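Asks: quick one, what's the 3D model for this:
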Amino acid sequence: MAALGNLGIVANVIAVIQLTGVNIGACYYYGSGVKNASRNRERIIKELVGLWVVLKQVSRLVKDERGETSRLETSSRLLALNDLLRHCGGEMRSLRAALSGETVGTIEVASEGNVESIEMGRLEAATDNNMESIETSIQVVLDGNMDSIQAALHGDMKTFLAVLEKHLGHKSGMQGLMWPLKEADLNKTVDSIGKLQGLLMNAMGIDQIHLTLEIDTGVKALDEKAAKMIQSVDEAKLCLDSAKLEMRGGLEALKGQSVGIKESMELADRHIGEFARTVLEIQDELKVLKEQSTEINQSVKQHKLQEHRQKIYKWLGAPDHESKHRNARRMRQESTGEWFVEGEHFQEWREAPCSFLWLHGIPGAGKTILCSTIIEQLSLHCRSDPSLAMAFFYFDFNNKDTLPNAVLRSLIKQLSVQCANTPHALESLFSTNEQGGAHRDPGQEDLMSTLKTIISSFQAVYIVFDALDECPERSRFLMVIRDIHGWDVGQLHLLATSRKERAIEEGLSGLISQEVLMDENLVDGDIRVHVSRTLEDDIKFRMCSAGEKEMVMTTLIDGAHGMFRWVVCQLDALRKCRTPAALEKALMSLPKTLNQTYDQILAAIDEDDRRDALSLLQWLAFSVGTISMDEAVEVLATDPDAREGPLFDRRRRLRDPGDILTICSSLVTITFREDLLFIKPGEIRLAHFSVREYLISEHLRTSTTVLSYYYFNEKMAHVFIAKTCLAYLLQFDQDNGVNLNTARSYPLSHYAASNWMHHAGWDPAGDWDDLHGLIMTLLELTSAVYVNWMWLYWQSRPWESCGMNPLYVVAATGLE
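Replies: Residues are numbered from 1 along each chain as shown. The predicted model follows:
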């Protein structure tokens, strides 16, 4: 199968090489007598020659000297390269048609097994040749003049054009023709050919590594062969010299033995002939090695460019945009969201110039999951066309990397990755912010300018923002969106999801071209698919009878009212029912709203787990960024309010971190990370933005039941987190009590050391005496605790170089 695929690629690449040669010849003839062609033909001929060289490399890559096709090994690589060759062929045929002008005849060109009719215009008549003769002549010129081709690639078009003139001459009848390509079409064609060169070079990247290894092996083998040949030659020379000496010394004696002398001379001639043939073989093989060395040098150059590109990306410091998308995609059921991506609103938004679509819905409607479907659809749409690009960003209330500049960095990186080469605008941004070998962070204005330039380099760009209502600096970012939309770049298409909040609606006023409400009539189909798949796939529900499953389906669909989040919580609760009677009772008493659902979850928490649940919920609601499962275990093992025993007790660590889900149920969720062949628990976070809103709500504060125990506000949470961090640090009370392995044994150590001041700053007046006491204990200058904390602090913040004493800490936290 792979061999057949390679044969198809060989045919395609030869066809594209021939088309490229024809276009080079056509552009040359225009230049030899056509008006307005001289200043443009050199640009496009240079790009076409570069493409011809790359295609020749592809041809050598997919077949060896014997015609065998063994260097491309996987079907995915075959398909990717074949798609690029088809796209390249389409570009060459389009250019060929553009250069043809009026139709006076046709020729037949074989392409991938089909015969296409390509119109020929006045160019054919003017040149007194058909395109087949141009093709034959230009291929002879190109194959036999690599030095002039190298000169053209390095900007010396004069030498290359002189070679074309020598072999092709001038054609009469061209003076009446006008150069057929407008300036905009010419620029677009040149850019497109350049991008195709980059994509083909990237496609060959991995095979160049294999080729380098093959060449190294071949060079060694040739060295050995050459050594043996030289040894044979030396032996032949010695034999010849010996024969000559014998002949000179015994010339008089051997006059009568002419036959023997003749045989000796013939033997010498044979040795000399073999030597000559050996030299010719070595010369041929050295020529092949030289060509392969050129290919290796080009690969090394590409590798260096890629290293420089990665250096720029590292400096740019774009936040991770993929992790939340992967988790949203993992939660999505197949075929959900198709009602939107196949609907007229989405299709119209994708095609209309300068479009902005606002997709909004109630809390828990499944906007983020739908957003993952939109992103996957756009990614598929852009993948086959290098002139299209897309980028996205998921906002998260608990993620500090969602500030406007961080979002702009992410968009710039995502779009740059989709360019064949590092965009000039990004290179300029990098060099402009360079200071003595170091780089300062670019400002918002520079980031916006760079983003605009990169967007303008594509034919169409799609940008998706999810959960604008969770953006920590919402009003500032809405202004950024207004500025981006104000560029009036026709090829830019923006899409945003959020709740329908007045502040967002006012911030987007005048920008929105389409608005879609995710009402229950649209979402119920997706909810039905989700419930059906869960009932079939979840081991707890597989044991239910068909009647029980139908009862669950009907009850949840009737009660959902478009709330995906509500359905997820009810399925988690129903999963615990052990008997048909318990299942029926639970279905009869389902809560009607999200708040009632969260009431039910909190009320069901075991009394022994209440302290742990409250501790963890406060951390998840207001920690700096997300926390890992290992850090969460340390939080539960720390009790800053303990009156007896240690504040941190290793014996309180959970044996199984997964028990956290048992304690907090559907209020929290665990994200997973890929680690080589395994998928491991990564971070823990609140399951939904609505959970944090519920925990700090008046509804919970004014409850007259046990639910009020779980209420906290932002200040209370920050103070509790600060106390937990300080209590955790106070365990390091021995000299040299911390080292490079501390973070592995005590996963919360770095977070506690670097962030407790941020949280303590929420109580500047020292209203919490216990917090004040913990701070004073830590800041005793002569204590081991203070020294160990300082060491951990610098380990977690190596970019800070200033010293720090207790007075600095007091100032930093605002303590009195």
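Asks: report the longest helix in the protein, please.
Replies: For the chain, the longest helix by residue count, based on DSSP state H, is helix 258-316.
Asks: what mean pLDDT does that helix get?
Replies: Helix 258-316 carries an average pLDDT of 82.
Asks: I'd like the next helix or strand past that helix.
Replies: Tracing the chain past helix 258-316, the next element assigned as helix or strand by DSSP states H and E is helix 323-331.
Asks: which helices and strands does that next one pack with?
Replies: helix 367-383, strand 388-394, strand 668-675 (3 or more Cβ pairs under 8 Å, 6 or more residues apart in numbering; DSSP states H and E). All C-beta spots, glycine's among them, are computed from the backbone N, C-alpha and C.
Asks: residue ranges in the stretch 51-200 of the chain under the pLDDT threshold?
Replies: 63-78, 101-137, 154-155, 170-178 (pLDDT under 70).
Asks: in it, which spans are strands?
Replies: Assigned by DSSP state E, counting those that start in this stretch, the stretch 51-200 of the chain shows strands spanning 105-111, 114-120.
Asks: what about the stretch 401-550 of the chain, any weak spots by pLDDT?
Replies: Applying pLDDT under 70 to the stretch 401-550 of the chain flags residues 401-402, 435-439.
Asks: residues near residue 793, how many?
Replies: For residue 793, the count of nearby residues is 18 (other Cβ atoms under 10 Å).
Asks: quick check, it in contact with residue 753.
Replies: Yes: Residue 793 lies in contact with residue 753 (Cβ atoms under 8 Å); the separation is 4.7 Å.
Asks: what about the strands in the stretch 651-800 of the chain?
Replies: Under the criterion DSSP E, counting those that start in this stretch, the stretch 651-800 of the chain contains strands at 668-675, 678-686.
Asks: can you give me the mean pLDDT across the shortest one?
Replies: For strand 668-675, mean pLDDT rounds to 72.
Asks: likewise the longest one?
Replies: Averaging the model's pLDDT scores along strand 678-686 yields 71.
Asks: going forward, the N-terminal residue is numbered 858.
Replies: All set: I'll call the first residue 858, so the last point we hit is now strand 1535-1543.
Asks: winner for burial among the helices and strands packed on helix 1180-1188?
Replies: strand 1245-1251 (a mean of 23; mean count of other Cβ atoms under 10 Å).
Asks: continuing past that one, what's the next helix or strand?
Replies: Counting by DSSP H and E, the next helix or strand C-terminal to strand 1245-1251 is helix 1261-1274.
Asks: angle of that next one against helix 1115-1173?
Replies: With axes from the mean of the first three to the mean of the last three Cα atoms, to 10 degrees as the basis, helix 1261-1274 and helix 1115-1173 are set at 160 degrees to each other.
Asks: give me the next element, helix or strand, following helix 1261-1274.
Replies: With DSSP H and E, the next secondary element past helix 1261-1274 is helix 1281-1289.
Asks: buried stuff in that following helix?
Replies: The neighbour-count check on helix 1281-1289 (16 or more other Cβ atoms under 10 Å) flags 1282, 1283, 1284, 1286, 1287 as buried.
Asks: out of these, which is nearest to residue 1160?
Replies: residue 1284 (17.6 Å; Cβ to Cβ).
Asks: quick one, what contacts the closest one?
Replies: Each residue near residue 1284 by Cβ atoms under 8 Å, 6 or more residues apart in numbering is listed here: residue 1169.
Asks: circling back to that earlier point, would you reformat the buried residues of helix 1281-1289 as a markdown table and include distance to residue 1177?
Replies: Below are the buried residues of helix 1281-1289 laid out as a markdown table (distance: Cβ to Cβ, whole Å):
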| residue | distance to residue 1177 |
| --- | --- |
| 1282 | 23 |
| 1283 | 19 |
| 1284 | 24 |
| 1286 | 21 |
| 1287 | 21 |
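Asks: now do the residue lying closest to residue 1267 once chain neighbours are set aside against residue 1266, distance only.
Replies: Spatially, and ignoring its direct neighbours in sequence, residue 1267 is nearest to residue 1175 (4.5 Å; Cβ to Cβ, 6 or more residues apart in numbering). Note on residue 1175: its distance to residue 1266, by Cβ to Cβ, to the nearest Å, is 4 Å.
Asks: kindly report the same for residue 1006.
Replies: Computed with Cβ to Cβ, the distance linking residue 1006 and residue 1266 is 41 Å.
Asks: which one's more surrounded, the two?
Replies: Taking residue 1006 and residue 1266 together and counting by other Cβ under 10 Å, residue 1266 has the greater number of neighbours (23 against 20).
Asks: so what's residue 1017 closest to, chain neighbours aside?
Replies: residue 1009 (3.8 Å).
Asks: next one: residue 1592
Replies: According to Cβ to Cβ, 6+ apart, the nearest residue to residue 1592 is residue 1641 (5.0 Å).
Asks: mind checking pLDDT for that neighbour?
Replies: For residue 1641, pLDDT reads 90.
Asks: now swap in residue 1590 and tell me
Replies: The confidence metric pLDDT takes the value 89 at residue 1590.
Asks: could you do residue 1516 as well?
Replies: Per-residue pLDDT puts residue 1516 at 90.
Asks: residue 1636 too?
Replies: pLDDT, residue 1636: 87.
Asks: around it, how many other residues sit close by?
Replies: When neighbours are counted by other Cβ under 10 Å, residue 1636 registers 16.
Asks: ditto for residue 1429
Replies: If you count neighbours by other Cβ under 10 Å, residue 1429 ends up with 16.
Asks: which strand or helix spans it?
Replies: Secondary structure (DSSP H and E) places residue 1429 in helix 1421-1431.
Asks: give the contact list for the residue nearest to residue 1038 when sequence neighbours are not counted.
Replies: In space, and not counting its chain neighbours, residue 1038 is closest to residue 955: 6.1 Å by Cβ to Cβ, 6+ apart. Listed by Cβ under 8 Å, 6+ apart, the contact set of residue 955 reads 1037, 1038, 1042, 1046.
Asks: filter those down to the buried ones.
Replies: Looks like the contacts of residue 955 have 1037, 1038, 1046 buried, using 16+ other Cβ under 10 Å.
Asks: among the residues you listed, which lie within helices?
Replies: Counting by DSSP H, the buried ones among the contacts of residue 955 place residue 1046 in helices.
Asks: so which of the buried ones among the contacts of residue 955 comes closest to residue 1424?
Replies: Nearest to residue 1424, judged by Cβ to Cβ, of the buried ones among the contacts of residue 955 is residue 1046 at 53.0 Å.
Asks: pretty sure the residue nearest to residue 1017 sits against residue 902.
Replies: Yes: at 7.3 Å, residue 1009 and residue 902 qualify as touching, with contact defined as Cβ under 8 Å.
Asks: name the residues contacting each of those two.
Replies: residue 1017.
Asks: how about the helices of the stretch 1508-1657 of the chain, start to end?
Replies: Counting by DSSP state H, counting those that start in this stretch, one finds helices in the stretch 1508-1657 of the chain at the ranges 1516-1521, 1546-1552, 1555-1558, 1571-1586, 1599-1602, 1606-1617, 1626-1635, 1641-1653.
Asks: I should have written the stretch 1358-1507 of the chain there, sorry.
Replies: Under the criterion DSSP H, counting those that start in this stretch, the stretch 1358-1507 of the chain contains helices at 1359-1364, 1377-1394, 1396-1399, 1403-1417, 1421-1431, 1437-1445, 1451-1460, 1467-1479, 1486-1493.
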